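> Provided below for reference: sequence and predicted model.
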Amino acid sequence: MPEKATQTDVLIIGASASGLMCAIEAGKRGRKIIVLDHANKAGKKILMSGGGRCNFTNLTINAENFISHNPHFCKSALSRYTQWDFINMVEKYQVPYHERDLGKLFCLNRAKDILNMLLSECEKSRVEIRLRSEITTIEHAEDSTYIVNTSQGSFQATSLVIASGGLSIPKMCASPLGYKVAEQFGHHIWPTTAGLVPFTLQPDDKEKFKKLSGIAVYSLVSNERIEFKENILFTHRGLSGPAILQISSYWQPGEAININLLPDTDIEDFLKTRQSTQPKITLKKVLGELLPKQLLITFVGQETVEQDLQSLSHKSFSEIARKLQQWQIRPNGTEGYRTAEVTLGGVDCDELSSKTMESSKVTGLYFIGEVVDVSGWLGGYNFQWAWSSGWCAGQVV
Ligand SMILES: Cc1cc2nc3c(=O)[nH]c(=O)nc-3n(C[C@H](O)[C@H](O)[C@H](O)COP(=O)(O)OP(=O)(O)OC[C@H]3O[C@@H](n4cnc5c(N)ncnc54)[C@H](O)[C@@H]3O)c2cc1C
């Protein structure tokens, strides 16, 4: 005879950012919660986030910082549980943090501080976390409860929350489970792709730029739809750095991107002025004040950079400006889910309540966090979406 399923009020699949937040909130309401996860540790992505320092939110959060087929969907959750609410919790736990550029808030010490804070709150809410639980099947019983069968037995609850994240970094236990569950219950899924991901280059470009590996340059990166002004980073595989990761979420295969390597300088004016004051200085020396020399050689050419300013015409200044400020490159592709920070696409928001994250197809089923078709920019936005959507579901499950 099959063993009797363990009874609980709420089952949450995914013990990371959104799932733990939902568990904490629902636990506060006195609900009995079991969180299931196939990983051997809770919150693996929190631990690896922000280079180990977790960029847990941003001082400015707007719907414009998110990508979704329904750009209005995220507004309700983000306004009900804001960055200030999360910052309050961080301060209550005296987690040291600081602001980096563009309002990004990071832990001063380690990402583990954020995870420990969430786990302490879970403990207070008497949340039970069952790790190493492989989900085999999910059934919707006749009495409308959900039965989740796992390697650790069966669990039964009136509410089922899918907080299993996206596809990025399979090594960190990412899996398509959430999309499969959504499909099982008749949901539409927007096609998924890797977002916030480095670009790989065409073989010729890869060869040309390999000498620049490790160089970071503050740049304006754009396509026809959007622009970002942050660093780009040349790597041995291609292009990375915050501005590249940002534009990758707006990139279509085959499309070129524009890069201005000196976005805040009028190069022609700068060179003309220096030509009149220091005619004998070399181009390499004068532009070397603004950009790394190896980069100048690659973009402007060894012969030209060795010339002194008096031997260069104004026409050649505009040619140099064009090479540095209107660089157009057509990436070969992206590094894909192996290194992506986020998954674009996912469970169609039009079939979820923006207030509660409940499915409009089946009562008692909820989707929160990255599995939903809401993806944030780089800068703490993805965690804020996880906290906000998790919090909203936590009020009602
Ligand atoms: C390298 C990296 C750095 C990042 N840094 C930042 C940052 O600094 N700031 C920021 O805002 N965002 C950052 N992100 C994005 C952020 O980590 C995610 O958007 C966020 O963790 C999503 O939360 P989630 O709860 O939806 O999913 P996840 O955090 O991915 O959690 C999903 C959970 O579900 C579990 N799970 C998956 N499949 C199954 C299954 N089949 N059975 C059982 N359990 C399952 C997983 O083990 C995991 O614990 C980063 C992402 C990466 C990859």
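Looks like it arrived, so ask away. Residues are numbered from 1 along each chain as shown.

> Tell me the residues of the stretch 101-250 of the chain that contact the ligand?
Proximity of the stretch 101-250 of the chain to the ligand, by CB under 6 Å from any ligand atom, involves residues Ile135, Ala163, Ser164, Gly165, Ser168, Ile169, Cys173, Ala174, Ser175, Leu177. Glycine gets a C-beta too; all of them are placed from N, C-alpha and C.

> just those now: which is nearest Ile368?
Comparing these against Ile368 with CB to CB places Ala163 closest, at 5.1 Å.

> The closest one and Gly19, how far apart?
Between Ala163 and Gly19 the computed distance is 3 Å (CB to CB, to the nearest Å).

> Show me the common contact partners of those two, please.
Shared contacts of Ala163 and Gly19 (CB atoms under 8 Å, 6 or more residues apart in numbering): Ile12, Ile13, Ile368, Gly369, Gly390.

> Tell me, how many residues neighbour the residue of the stretch 201-350 of the chain found nearest the ligand?
Nearest residue of the stretch 201-350 of the chain to the ligand (CB to the nearest ligand atom) works out as Glu341 at 3.9 Å. Glu341 has 23 neighbouring residues, counting by other CB atoms under 10 Å.

> got a list of what it touches?
Applying CB under 8 Å, 6+ apart, the residues contacting Glu341 are Ser168, Gly195, Leu196, Val197, Leu245, Leu378, Asn382.

> Lys208 too?
Lys208 neighbours (CB under 8 Å, 6+ apart): Thr298.

> what about it, which SS state?
Three-state assignment for Lys208 (DSSP: H, G, I helix; E, B strand; the rest coil): helix.

> from now on call the first residue 895
Right, with 895 as the first residue, what we last looked at is Lys1102.

> That one and Ile1175, how far apart?
For Lys1102, the distance to Ile1175 - CB to CB - is 27 Å.

> so where does the closest residue to Ile1041 other than its chain neighbours fall, helix or strand?
Spatial nearest neighbour of Ile1041, chain neighbours left out: Glu1033 (4.4 Å); criterion: CB to CB, 6 or more residues apart in numbering. Under the criterion of DSSP states H and E, Glu1033 resides in strand 1029-1034.

> So Leu1272 lies in a helix, does it not?
No. Judged by three-state DSSP, Leu1272 forms no part of a helix; its state is coil.

> Next one: it from the ligand, what distance?
The gap separating Leu1272 from the ligand is 8 Å, by CB to the nearest ligand atom, to the nearest Å.

> quick revisit: any idea how far the residue of the stretch 1095-1244 of the chain closest to the ligand lies from Ala909?
Glu1235 is 20 Å from Ala909, by CB to CB.

> ok so, going back, filter the shared contacts of Ala1057 and Gly913 down to the ones near the ligand?
Within the set of the shared contacts of Ala1057 and Gly913, contact with the ligand (CB under 6 Å from any ligand atom) is found for Ile907, Gly1263.

> Can you tell me which of the shared contacts of Ala1057 and Gly913 lies closest to Asn1154?
For these, with Asn1154 as the reference and CB to CB as the criterion, the closest is Gly1263, at 34.9 Å.

> Not counting its neighbours along the chain, what's nearest the closest one?
Closest to Gly1263 by CB to CB, 6+ apart is Ser912, at 2.9 Å.

> OK, contacts around the one you found?
Ala1057, Gly1059, Ile1262, Gly1263, Glu1264, Trp1279, Ala1280, Trp1281, Ser1283, Gly1284.

> Once you drop chain neighbours, what's closest to the fifth one?
Across the structure, with CB to CB, 6+ apart as the measure, the residue nearest Glu1264 apart from its sequence neighbours is Gly1060 (4.2 Å).

> likewise Ile955?
Gln977 is the one closest to Ile955 (CB to CB, 6+ apart), at 5.1 Å.

> same question, Gln1278
Thr951 (4.7 Å).

> Which element, helix or strand, includes that neighbour?
strand 949-952.

> Show the average pLDDT along that strand.
Summarised as a single mean, pLDDT over strand 949-952 is 98.

> Give me the distance from the helix or strand just after it to the chain's centre.
Using DSSP H and E, the helix or strand that follows strand 949-952 in sequence is strand 960-961. With CA atoms, centre = their mean, to the nearest Å as the basis, strand 960-961 stands 10 Å off its chain's centre.

> and the helix or strand following strand 960-961, which residues are buried?
For strand 960-961, the following helix or strand on the C-terminal side (DSSP H and E) is helix 967-974. For helix 967-974, the neighbour count (16 or more other CB atoms under 10 Å) marks Phe967, Cys968, Ser970, Ala971, Leu972 as buried.

> Just want to check the distance between the fourth one and the ligand.
Read it as Ala971. 13 Å.

> Need the pLDDT of that residue.
The model reports Ala971 with a pLDDT of 98.

> Same check on the one 3 residues further on?
In the predicted model, Arg974 carries a pLDDT score of 98.

> Kindly report the same for the one 3 residues further on.
The per-residue pLDDT reported for Gln977 equals 98.

> Quick check: Ala933 touching Ala909?
Yes. With contact defined as CB atoms under 8 Å, Ala933 reaches Ala909; the gap is 7.3 Å.

> how many neighbours does the residue nearest to Ile1041 have?
Applying other CB under 10 Å, we find 14 other residues in the vicinity of Glu1033.
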